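1. heads up, no residue letters with this:
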């Protein structure tokens with residue numbers, strides 16, 4: 001098990017990444033954010049999400 005994995009709420013992820021909550025929520029709905037549902041709350045795998053953002057930006061791609 002990777003002890004460096006940090007799961008955060010969408011709100012916390014938005015604060016950490018600077019990406020609007022509404023954008024992250026849309027990406028979650030579209031299946032584009034790594035994470036899991038804990039009850040009704042979605043918890044984002046932040047290190048994996050940031051890695052995904054970095055890969056997308058290196059390609060000049062668009063998330064939404």
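-> It's in. Quick caveat, the model's predicted, so the values are computed rather than measured.
2. packing partners for the biggest helix by length in the chain?
-> Using DSSP state H to define each element, the chain has its longest helix at helix 46-58. If you count contacts as 3 or more Cβ pairs under 8 Å, 6 or more residues apart in numbering; DSSP states H and E, helix 46-58 packs onto helix 10-17. Glycine gets a C-beta too; all of them are placed from N, C-alpha and C.
3. Count residues in the vicinity of the nearest residue to residue 11 once chain neighbours are set aside, would you?
-> Excluding its sequence neighbours, the residue lying closest to residue 11 (Cβ to Cβ, 6 or more residues apart in numbering) is residue 21, at 6.0 Å. Per other Cβ atoms under 10 Å, the neighbour tally for residue 21 reads 14.
4. could you measure residue 21 against residue 54, distance?
-> Using Cβ to Cβ, to the nearest Å, we find residue 21 at a distance of 20 Å from residue 54.
5. could you give the angle of the helix-or-strand element of the chain with minimal mean pLDDT to helix 10-17?
-> Least confident helix or strand, the chain: helix 46-58 with a mean of 91, by mean pLDDT, DSSP states H and E. Relative orientation of helix 46-58 versus helix 10-17 (axes from the mean of the first three to the mean of the last three Cα atoms, to 10 degrees): 50 degrees.
6. Residue 13: what's its closest spatial neighbour, skipping adjacent residues?
-> That would be residue 44: by Cβ to Cβ, 6+ apart, it lies 4.4 Å from residue 13.
7. tilt between the helix or strand where residue 27 lies and helix 10-17?
-> Per DSSP states H and E: residue 27 is located in helix 21-29. For helix 21-29 and helix 10-17, the angle between their directions (the same axes, to 10 degrees) works out to 110 degrees.
8. Show me how far helix 21-29 is from its chain's centre.
-> Relative to its parent chain, helix 21-29 has a centroid offset of 8 Å by Cα atoms, centre = their mean, to the nearest Å.
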